[in-house]
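A.B. asks: next one to model:
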Amino acid sequence: MNELEYVLEEALRREGPALLVFWNLRGLESFVEQANAFESEQADAPPLPYWLRSKPPQMTTLSVTMGLLEFIGRGSTQSFETMFLEYTAMMRRVDQIEQDPFMRAMLKRCYELGLTIRDIRKIKKKYDENDMYHTGETTQAEFFFIINESRRPLTTGIFQYANVSMDQKLISFDEYLLCVVSFASLTPPELFQFVFDLYDADKSGSLDEKEFATMSKELQSHQFAFPKNVATAIAMIEGKDPTGKKDTRRGYLTEDGLVDLNEFLKFTHLFPVAFFPIFNFQKNVRRVTLGENKWSRLVARKLKMQELVSHMRRKYGSIPEMTWRERLASVFDPHVMDIRKRASKIYGQEITQRQLIGDADS
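C.D. replies: Numbers count the residues shown, from 1 in each chain. This is a model prediction of the structure:
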């Protein structure tokens, strides 16, 4: 083990910057070699971050890593997304980070929620505690052990966020991170959409009798808490009396046997107890990552941002005036202005994307 590998291992063991989880050593060595050779005087060379301890031509991979460690320090609340993009800009010649759709999805999620390096580090700590062989990867069994859940169709649906296949043996931390962050940040309507899409096997936009029966059976599993209450609610949806006999007068299913998303959402409103297992699943994921209170604040932030972006779509980019409460809160809470800035950036990205699509069509 060389000095750099030792520094990285010690930094991560001591809860070092979460950015080091994604430290691309090969790309970093390539960057250092080119930066030292040209001393960053090329016109197309990206600007060097101000936190670098040493500049070309004396730069080394170790000095870059140590510079980052010194800049962030323990307990930093530096935005994970900001820091990672700064590092990405520094290594513009490394295509893997900039063009990998998985990394873009992860950064987009972190940006929307405003996650900090401290948040990512906390999630990484829990992950490492269950990485018994310190390989940086976990099995699917270990994944579900971390989130205190059993492996079953309802819970394996979380893998879709990182495109983890059912037969994939090992799961990396970045895949784990994208899965738990995406699922924990779902709002109740998004959670119901998750369940609907999970059991809509043919992706027809509606649940047929077989798909609905599969969902009902899974939700009534005795592995979940309060299975009798859930079973009673499911029976009412299906038009059965408490004894299980069919009673068409009590049914909520449509005559054609198909349930589209709007009808499904009506069921969730009328019989929320039937979907207790999915809420409990999310509760477990939240508890073992950042905690329920933290996630509640992050989701509230996400909803506020969505509200602002929706307003800007309707008003052609005009952001609503701040209320006097928001103005007062912004004096003490920097997040108030940060949410508005992020909403404006998201809307700007949407407009840019539309223009690119329009140019491509023409």
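A.B. asks: how about the lengthiest helix in the chain: buried residues?
C.D. replies: Ranked by number of residues, the top helix in the chain under DSSP state H is helix 335-361. Judged by neighbour count (16 or more other Cβ atoms under 10 Å), helix 335-361 contains these buried residues: 336, 339-340, 342-344, 346-347. (Each C-beta comes from the backbone N, C-alpha and C, glycine too.)
A.B. asks: same question for stretch 151-166.
C.D. replies: Applying 16+ other Cβ under 10 Å to stretch 151-166 flags 154-159, 161-162, 164 as buried.
A.B. asks: circling back to that earlier point, quick one: list the elements packing against the longest helix of the chain.
C.D. replies: Under the contact criterion of 3 or more Cβ pairs under 8 Å, 6 or more residues apart in numbering; DSSP states H and E, helix 335-361 touches helix 101-113, helix 292-314, helix 324-332.
A.B. asks: which one of those helices lies closest to D174?
C.D. replies: D174 lies closest, by Cβ to Cβ, to one member of those: helix 101-113, at 6.4 Å.
A.B. asks: now the helix or strand following the closest one: buried residues?
C.D. replies: Proceeding N to C from helix 101-113, the next assigned helix or strand is helix 117-129, under DSSP states H and E. Going by neighbour count (16+ other Cβ under 10 Å), the buried part of helix 117-129 is 117-124, 126-128.
A.B. asks: may I see those arranged in a markdown table, with pLDDT and distance to Q353 as well?
C.D. replies: Formatted as a markdown table, the buried residues of helix 117-129 follow (pLDDT from 0 to 100; distance: Cβ to Cβ, whole Å):
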| residue | pLDDT | distance to Q353 |
| --- | --- | --- |
| I117 | 70 | 28 |
| R118 | 76 | 31 |
| D119 | 82 | 27 |
| I120 | 80 | 27 |
| R121 | 78 | 32 |
| K122 | 83 | 33 |
| I123 | 86 | 29 |
| K124 | 83 | 32 |
| K126 | 84 | 35 |
| Y127 | 85 | 33 |
| D128 | 82 | 37 |
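A.B. asks: give me the neighbour count for I319.
C.D. replies: Neighbour count of I319, defined by other Cβ atoms under 10 Å: 15.
A.B. asks: which stretches in the stretch 51-200 of the chain count as strands?
C.D. replies: 137-139, 170-172 (DSSP state E, counting those that start in this stretch).
A.B. asks: direction included, what does the first one pair up with?
C.D. replies: Which is strand 137-139. For strand 137-139, the paired strands and their directions (DSSP bridges) are strand 170-172 (antiparallel).
A.B. asks: now do the strand it pairs with, average pLDDT.
C.D. replies: Averaged over strand 170-172, pLDDT sits at 86.
A.B. asks: the chain should start at 439 in everything you say after this.
C.D. replies: Understood, numbering begins at 439; the last thing we discussed is strand 608-610.
A.B. asks: relative to helix 730-752, how tilted is the longest helix of the chain?
C.D. replies: Angular relation of helix 773-799 and helix 730-752 on a 0 to 180 degree scale: 50 degrees, by axes from the mean of the first three to the mean of the last three Cα atoms, to 10 degrees.
A.B. asks: correct me if wrong: V737 contacts S623.
C.D. replies: Yes. With contact defined as Cβ atoms under 8 Å, V737 counts as touching S623 (5.9 Å).
A.B. asks: what residues of stretch 544-551 count as buried?
C.D. replies: Under the neighbour-count criterion of 16+ other Cβ under 10 Å, stretch 544-551 has 544-545, 547-551 buried.
A.B. asks: let's have these in JSON lines, adding distance to S610.
C.D. replies: Output for these, formatted as JSON lines (distance: Cβ to Cβ, whole Å):
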{"residue": "M544", "distance to S610": "11"}
{"residue": "L545", "distance to S610": "16"}
{"residue": "R547", "distance to S610": "16"}
{"residue": "C548", "distance to S610": "16"}
{"residue": "Y549", "distance to S610": "21"}
{"residue": "E550", "distance to S610": "22"}
{"residue": "L551", "distance to S610": "20"}
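A.B. asks: want to throw these into a markdown table with distance to L696 and pLDDT?
C.D. replies: Below are the buried residues of stretch 544-551 laid out as a markdown table (distance: Cβ to Cβ, whole Å; pLDDT from 0 to 100):
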| residue | distance to L696 | pLDDT |
| --- | --- | --- |
| M544 | 36 | 71 |
| L545 | 38 | 69 |
| R547 | 33 | 76 |
| C548 | 38 | 75 |
| Y549 | 38 | 71 |
| E550 | 33 | 75 |
| L551 | 35 | 80 |
